[in-house]
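**Student:** I'd like to go over a predicted model; first the sequence, then the structure.
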Amino acid sequence: MKLEQKKTIVKDLQEKFSKKKILIVTDYKGLNVQDVNSLRRKLREADIEYKVVKNSLLVRACEDTDVEMLKDYFAGPSAIALSYDDPVAPAKLLTDFAKENKKLEIKVAVMDGKVLDLSKINELSSLPSHEVLLGQLLSVMNGVPSSLVRALGDVPRKMLNLLQAIKEQKEAA
């Protein structure tokens, strides 16, 4: 690979590192081509980028970024998963894939300038997806006004019941 190509790759990776929500480093050693293509397809469908890059280029690209903390993890066959929108989706997809294919190893991740080990990535993957969380939020937001309307509607109804009881009591007397 020519020096100009390497510089272009490093610059491109630095731009991606600055835009990402989460970056997950994996070791794909032992996966066959069919499995890697299957993983790439699943990740692509969720708008997640999965790149296999030489470790020396990754180390150079992570300089002066918040990914620099992961320098030591770029050893052996490394691939990175980058998500620019949803940090939960790549964690969920990669952990699910790693359960099915024991050869895929999730090494480490970085999100919001913090290093996440495997246990934190597993916790992140157990969260509901972005759409589910939005749905839950909307149902809570919808429930509050509905309850308020019911409560306000009960006041006149109770007042009418009270007036009706007083009327019946006076008619009986």
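**Tutor:** Done, it's in. The shown structure was predicted, so the numbers you read here are calculated from the model rather than taken from an experiment.
**Student:** give me the number of residues near K92?
**Tutor:** Other residues within reach of K92, judged by other C-beta atoms under 10 Å, total 20. In this view, the C-beta of every residue, glycine as well, is placed from N, C-alpha and C.
**Student:** quick check: domain ranges of this protein?
**Tutor:** 3-127, 128-173 (automatic domain parsing).
**Student:** I'd like those laid out as JSON lines, including mean pLDDT.
**Tutor:** Output for these, formatted as JSON lines (pLDDT from 0 to 100):
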{"stretch": "domain 3-127", "mean pLDDT": "88"}
{"stretch": "domain 128-173", "mean pLDDT": "82"}
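**Student:** winner for burial among the ones you listed?
**Tutor:** domain 3-127 (a mean of 16; mean count of other C-beta atoms under 10 Å).
**Student:** And it, how far out from the chain middle?
**Tutor:** Taking C-alpha atoms, centre = their mean, to the nearest Å, one finds the center of domain 3-127 at 13 Å from the center of the full chain.
**Student:** now the end-to-end length of that domain.
**Tutor:** 42 Å (C-alpha to C-alpha, to the nearest Å).
**Student:** Wait, A89 touches S129, no?
**Tutor:** Yes - between A89 and S129 there is a contact under C-beta atoms under 8 Å: 6.6 Å.
**Student:** residues contacting D35?
**Tutor:** D35 is in contact with N101, K103, L104, counting by C-beta atoms under 8 Å, 6 or more residues apart in numbering.
**Student:** can you give me the helices for this structure?
**Tutor:** 3-19, 33-45, 55-61, 88-100, 118-125, 130-172 (DSSP state H).
**Student:** These into JSON lines, with extra columns for distance to V108?
**Tutor:** Output for those, formatted as JSON lines (distance: least, C-beta to C-beta, whole Å):
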{"stretch": "helix 3-19", "distance to V108": "14"}
{"stretch": "helix 33-45", "distance to V108": "17"}
{"stretch": "helix 55-61", "distance to V108": "13"}
{"stretch": "helix 88-100", "distance to V108": "12"}
{"stretch": "helix 118-125", "distance to V108": "8"}
{"stretch": "helix 130-172", "distance to V108": "23"}
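**Student:** Done for today, thanks.
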